[in-house]
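Trainee: Sequence and computational prediction follow.
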Amino acid sequence: MVVPCFNCAASVSRSVEELRGYLGTLGRSWEVVLVDDGSTDDAASVLSELADERTHVVTLAVNRGKGAAVAAGMRRARGECRVFTDSDLPYELDGLTECVVGVLDRRQPAVFGNRLLEASDASAQPRLRRWIGRLVRAVAGSIVGRHDVDTQCGLKAFSGPVANALFPMLRTEGFLFDVEVVLLLSKARIPISFVPVRLTAQDGSTVGFLQTGPETVRALWRLYRMSRAPMDMRVLEASTSDRPAR
């Protein structure tokens, strides 16, 4: 489990204890990688207290963005299945089980939570954030050439080989890194499976769009240009050569 953290000193201990308790019920070996994305509160000291033989902390010297934090955590992780989610655990953890089963038991290379599925429940999301999500999803869908992927859902799992090949390729460090993830997987013709998620109560934060509007537009433009450019996908394509999806 990779968990990007930024200024979460007040809540991360509770989230990590809940996550570790749940992972302990799965009957599988596990580790948690907490990535401090240049926090300016007391997160660094809180995270250091949470570290143990199964909980590792990666520290970024300055705040670089969620994409950079997730990529750093994926490079540190060693599991055959690599999952990331947000530090506030925005989705009920049953979805995590489905991701793990998909990657480890069904041999699927990538399994994403998807709020668009009929069995999902995103009613806890504030209306404004829901509207912004639809807008970003529509633009992202046009860039990657598919509208069935919930690019911004914060629960995604990958096989170890796919994660090893994919995350060093990422160039988007902010919250739109998920769009680049989908773009690269699509270019490499790696299938993405979906699992339903149930959103827990969230605050009304719209960070990533309203607060960084100009950079968001620039990032979308960069991703659009990337989608039209030729790319060498051989390493990523080879990451699934011994894992046929079923």
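Mentor: Sure thing, it's come through. Residues are numbered from 1 along each chain as shown.

Trainee: Identify the residues contacting the helix or strand where L183 lies?
Mentor: For L183, the element it lies in under DSSP states H and E is helix 177-187. Residues from elsewhere that reach helix 177-187, judged by CB atoms under 8 Å, 6 or more residues apart in numbering: 65-68, 70-71, 110, 140, 143-146, 149, 151-153, 156, 162, 166, 169-172, 192, 220, 223, 226-227, 231, 233, 236. Using the backbone N, CA and C atoms, a C-beta is placed for each residue, glycine as well.

Trainee: tell me what whichever helix in the chain runs longest is packed against?
Mentor: Ranked by residue count under DSSP state H, the longest helix found in the chain is helix 127-144. Counting by 3 or more CB pairs under 8 Å, 6 or more residues apart in numbering; DSSP states H and E, the packing neighbours recorded for helix 127-144 are helix 177-187, helix 213-228.

Trainee: Of all the ones you listed, which one is nearest V12?
Mentor: helix 177-187 (20.8 Å; CB to CB).

Trainee: what are the C-alpha coordinates of the closest one, in CSV please?
Mentor: These are the backbone C-alpha positions of helix 177-187, laid out as CSV (Å, rounded to 0.1, in the frame of the first residue of the first chain):
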residue,chain,number,x,y,z
PHE,A,177,-0.8,12.1,-12.9
ASP,A,178,-3.6,9.6,-13.0
VAL,A,179,-4.5,10.8,-16.5
GLU,A,180,-0.9,10.1,-17.6
VAL,A,181,-1.1,6.6,-16.0
VAL,A,182,-4.2,5.8,-18.1
LEU,A,183,-2.6,7.2,-21.2
LEU,A,184,0.6,5.2,-20.8
LEU,A,185,-1.3,2.0,-20.1
SER,A,186,-3.5,2.6,-23.1
LYS,A,187,-0.6,3.3,-25.4
